[in-house]
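**Student:** Fold the following for me, if possible:
(chains A and B)
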Amino acid sequence: MCLAVPGKVVEIVGEGELRMGKVDFSGVKREASLAFVPEVQLGDYVLVHVGFAISRIDEEQAMETLAALREIGELGELDRPDEVPPPPGRRGES
Amino acid sequence: MRHVDEYRDPAAVEAVVRRIHATVTRPWTLMEVCGGQTHSILKFGMDELLPENVRLVHGPGCPVCVTPLELIDRAIAIASRPDVTFCSFGDMLRVPGSRDDLLKVKARGGDVRIVYSPLDALRLARQHPERKVVFFAVGFETTAPANAMAVHRAKAEGLANFSVLVAHVLVPPALEALLASDDSQIQGLLAPGHVCAVTGYRDYEPVSEKHRIPIVVTGFEPLDLLNGVLAAVTQLERGEARVENQYARVVAREGNPAAQRMIEDVFVVSDRSWRGLGEIPKSGYALSPRYAAFDAERVFDVGGITVSEPEACRAGLVLQGRLRPTDCPEFGTRCTPEHPLGATMVSTEGACAAYFHYRRGPRETAAAAG
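**Tutor:** Below you'll find the predicted structure:
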């Protein structure tokens, strides 16, 4: 129910609570309300839920998260070998 | 897809999993609150990548699952009227009421429609002034701004043939109810990222402080979820308990002010009955008196329909993280997605349905998803 999908804003029409946009989800374009993201400009990525953009995706924060992940990957080389996780597969009865 | 693929990278998944294994020294029990997160965890098999002593239990964050039976029966009563076009998100259609479900109403000739957005229902009301168009406004805070906007626009446009059956619930009061239980085993929470995109996470700070547990605002992709788990177990191992945001590309502490204003315009906080959890004070939304003319329960006078919850279904325990779906004696036998006893087996976000789909057949692992 809380599923929201990121897409790129490729068209904006209207203003205020009638502000609408066309959002490109990997080639599939759909209309979405931009009423709740007044700061969004053409080319921004937004998170769309039931036809409404609920958040502008913050590129700087995204880069920081990815940089932190790269750092974990590099530091991971130092983790002890006996702590390597088991390969994916069923564990126990779950 | 940008902002998705990066968070499914197999090498990064392996690195974060390795870090989690290196961090954990003791058993910990975490609850992911949102049904979408449960679905993602089971789909990508992430629970199986974690150390054996890190247990994920699944929370009540599936709005379809917690909608009480009597509201389903009220929906069915409204949808059965010949003058009504009843619109709903698809998940609600197969949730069993006490005798029927909305899909059966449709099969009998009722005008029941699946919509993608509340704006679709509003469009139908504009196009068919001769019909009474009712939208089943189900959801958590994530969906509330959209549903509020539909009601707001209906009033602005004078659409007297539009109304909503409101079943809105709020996450923090439900968490408070779960954590206040004497035998709660929850030691850390992964807070629902898309709810927090709307509300922010200030409301979670007193919950974390009062119950001394880490709450990590978490997204939905494999790396988002693993980062959430890593942040929670890191806090637990250090003896810390605070709210942390692992989904900063989407969530700000103060949330989305424009969306919050729309909610405040249309809804008021109200007591709500949750399937499986019972009545929780101030845990939902009702229409503000200014929008009472758009309240389907008033328009169709269905408030008198009351029923008690069925006893065979143990969904209540599942929704509280007290029963793993596969431990239910009815799971996969008397209760399947084709013949569900309760909503947790129907909704795509229900924990029972997630186990049924991803623990009984070929499974996609996080490593294979990249």
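**Student:** drop to CA atoms for contacts and neighbour counts, all remaining ones
**Tutor:** Will do.
**Student:** Can you classify B:Gly97 as helix, strand or coil?
**Tutor:** Using DSSP: H, G, I helix; E, B strand; the rest coil, the structure places B:Gly97 in coil.
**Student:** burial of it, as a residue count?
**Tutor:** Using other Cα atoms under 10 Å in any protein chain shown, the number of residues around B:Gly97 comes to 24.
**Student:** Show me which residues of the stretch 1-150 of chain B sit near chain A.
**Tutor:** B:1-4, B:6, B:11-12, B:15-19, B:21-22, B:34-36, B:45, B:48-51, B:62-64, B:116-119, B:139-140, B:142-143, B:146 (Cα under 8 Å from any Cα of the partner chain).
**Student:** quick one: pLDDT of the most centrally placed residue in chain A?
**Tutor:** Centroid-nearest residue in chain A, with Cα atoms, centre = their mean: A:Pro6, separated by 4.9 Å. Per-residue pLDDT puts A:Pro6 at 95.
**Student:** what are the bridge partners for it, then?
**Tutor:** When assigned by DSSP bridges, A:Pro6 has beta-bridge partners A:Leu47.
**Student:** That one against A:Phe25, yeah?
**Tutor:** Yes. At 7.0 Å, A:Pro6 counts as touching A:Phe25 under the criterion of Cα atoms under 8 Å.
**Student:** from the middle of its chain, how far away would the helix or strand of chain A with the lowest mean pLDDT be?
**Tutor:** Lowest on mean pLDDT, DSSP states H and E among the helices and strands of chain A sits helix A:59-76, with a mean of 85. For helix A:59-76, the distance from its own C-alpha centre to the chain's C-alpha centre is 15 Å (Cα atoms, centre = their mean, to the nearest Å).
**Student:** neighbours of B:Gly158, just the number please.
**Tutor:** Neighbours of B:Gly158 (other Cα under 10 Å): 11.
**Student:** gap between it and B:Tyr291?
**Tutor:** To B:Tyr291, B:Gly158 is 12 Å away according to Cα to Cα, to the nearest Å.
**Student:** B:Ser184 too?
**Tutor:** 39 Å.
**Student:** Which one's more surrounded, the two?
**Tutor:** Comparing B:Ser184 with B:Tyr291 by neighbour count (other Cα under 10 Å), the higher total belongs to B:Tyr291, at 17 against 13.
**Student:** Tell me the buried residues in the longest strand along chain B?
**Tutor:** Counting residues, the longest strand found in chain B (DSSP state E) is strand B:278-287. Using 16 or more other Cα atoms under 10 Å in any protein chain shown as the test for burial, strand B:278-287 gives B:Ile280, B:Lys282, B:Ser283, B:Gly284, B:Tyr285, B:Ala286, B:Leu287.
**Student:** Ok, stretch B:265-276 next?
**Tutor:** Applying 16+ other Cα under 10 Å to stretch B:265-276 flags B:Asp265, B:Val266, B:Phe267, B:Val269, B:Ser270, B:Arg272, B:Ser273, B:Trp274, B:Arg275, B:Gly276 as buried.
**Student:** Give me the subset of the residues you listed lying in strands.
**Tutor:** Filtering the buried residues of stretch B:265-276 for strands - DSSP E - leaves B:Phe267, B:Val269, B:Ser270, B:Arg272, B:Ser273, B:Trp274.
**Student:** Dump those into a markdown table; add distance to chain A and pLDDT as well.
**Tutor:** Output for those, formatted as a markdown table (distance: Cα to the nearest Cα, whole Å; pLDDT from 0 to 100):
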| residue | distance to chain A | pLDDT |
| --- | --- | --- |
| B:Phe267 | 16 | 98 |
| B:Val269 | 20 | 98 |
| B:Ser270 | 21 | 97 |
| B:Arg272 | 18 | 94 |
| B:Ser273 | 19 | 90 |
| B:Trp274 | 16 | 90 |
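**Student:** Adding distance to B:Leu178 as columns, could you present those residues in CSV?
**Tutor:** Below are these laid out as CSV (distance: Cα to Cα, whole Å):
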residue, distance to B:Leu178
B:Phe267, 25
B:Val269, 19
B:Ser270, 19
B:Arg272, 15
B:Ser273, 14
B:Trp274, 12
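**Student:** The longest strand of chain B packs against which elements?
**Tutor:** Packing partners of strand B:278-287 (3 or more Cα pairs under 8 Å, 6 or more residues apart in numbering or on different chains; DSSP states H and E): strand B:162-169, helix B:171-180, strand B:267-274.
**Student:** That strand to helix B:171-180, inter-axis angle?
**Tutor:** 170 degrees (axes from the mean of the first three to the mean of the last three Cα atoms, to 10 degrees).
**Student:** Next, the buried residues of the next helix or strand along the chain from strand B:278-287.
**Tutor:** Next helix or strand after strand B:278-287 toward the C-terminus (DSSP states H and E): helix B:296-299. Residues B:Ala296, B:Glu297 are the ones in helix B:296-299 that count as buried (16+ other Cα under 10 Å).
**Student:** May I have helix B:296-299 as CSV, with CA atoms only?
**Tutor:** Extracted in CSV, the C-alpha atoms of helix B:296-299 (Å, rounded to 0.1, in the frame of the first residue of the first chain):
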residue,chain,number,x,y,z
ALA,B,296,-19.8,7.8,2.9
GLU,B,297,-20.8,6.3,6.3
ARG,B,298,-23.1,9.3,6.8
VAL,B,299,-24.3,9.5,3.2
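**Student:** Quick one: residues in contact with that helix.
**Tutor:** B:Arg74, B:Val134, B:Ser163, B:Val164, B:Leu165, B:Val166, B:Ala292, B:Ala293, B:Gly303 (Cα atoms under 8 Å, 6 or more residues apart in numbering or on different chains).
**Student:** which of these count as buried?
**Tutor:** With burial judged by 16+ other Cα under 10 Å, the buried subset of the contacts of helix B:296-299 is B:Arg74, B:Val134, B:Ser163, B:Val164, B:Leu165, B:Val166, B:Ala293.
**Student:** of these, closest to B:Arg202?
**Tutor:** B:Val166 (25.2 Å; Cα to Cα).
**Student:** quick one on the thing from earlier: what residues sit buried inside the least confident helix or strand of chain A?
**Tutor:** A:Ala62, A:Thr65, A:Leu66, A:Leu69, A:Arg70, A:Ile72, A:Gly73, A:Gly76.
**Student:** who's in contact with the first one?
**Tutor:** A:Ala62 makes contact with B:His3, B:Ala248, B:Arg249, according to Cα under 8 Å, 6+ apart.
**Student:** Now a PyMOL select for only the buried ones of the residues you listed.
**Tutor:** In PyMOL, this line selects whichever of these come out buried by 16+ other Cα under 10 Å:
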select buried, chain B and resi 3+248+249
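**Student:** Got the phi and psi for residue 33?
**Tutor:** Since no chain was named, I'll use chain A. Dihedral pair for A:Ser33: phi -70, psi 130, per degrees, to the nearest 10.
**Student:** Please refer instead to chain B.
**Tutor:** Torsion angles, degrees, to the nearest 10, at B:Val33: phi -80, psi -40.
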